[in-house]
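>>> 3D, please:
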Amino acid sequence: MANIKSALKRIRSGKRKQIRNQAIRARARSTAKEARLAIDSGNPPEAEQAIRVAYSALDRAVAKGVIHKRNAARRKSRLMKKLAKTSQN
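Residues are numbered from 1 along each chain as shown. Predicted coordinates:
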């Protein structure tokens, strides 16, 4: 355990940030999963709406510094690729 005042403060602030980051990361993951499920359901308008929500959550996570921008880009690309593949068939 830290003894220095500034180190104790960093521990406290780190815990607060960890809780915030977990919530943001979980939202991004959940919305991406919901989008994948919507695509699999075969309802294009619902899938497009779900993808829009997922894009927003991923972009928000990037803006907050929770995930890397390329990680978000990769996830968004995979969602669009999956949507295009299902709409093709």
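>>> quick one: Pro44 and Ala84 touch, right?
No: counting by CB atoms under 8 Å, Pro44 does not reach Ala84; the two are 11.0 Å apart. (Glycine included, C-beta is placed from N, CA and C.)
>>> Tell me which of these two has more neighbours.
Pro44 (13 against 10; other CB atoms under 10 Å).
>>> Residue nearest the middle of the protein, spatially speaking?
By CA atoms, centre = their mean, the chain has its centre lying nearest to Ala28, at 2.1 Å.
>>> What is the burial count for Ser41?
So Ser41, with other CB under 10 Å, has 12 neighbours.
>>> how close does the closest residue to it other than its chain neighbours get to Val62?
Spatially, and ignoring its direct neighbours in sequence, Ser41 is nearest to Ala47 (7.3 Å; CB to CB, 6 or more residues apart in numbering). Plainly put, Ala47 is 22 Å away from Val62 if you go by CB to CB, to the nearest Å.
>>> Same check on Tyr55?
According to CB to CB, Tyr55 stands 11 Å off from Val62.
>>> Would you tell me what the next helix or strand after the top helix by length along the chain is?
Counting residues, the longest helix found in the chain (DSSP state H) is helix 5-41. Next along the chain after helix 5-41, taking DSSP states H and E as the criterion, comes helix 44-63.
>>> Which other helices and strands does that next one contact?
Under the contact criterion of 3 or more CB pairs under 8 Å, 6 or more residues apart in numbering; DSSP states H and E, helix 44-63 touches helix 5-41, helix 69-88.
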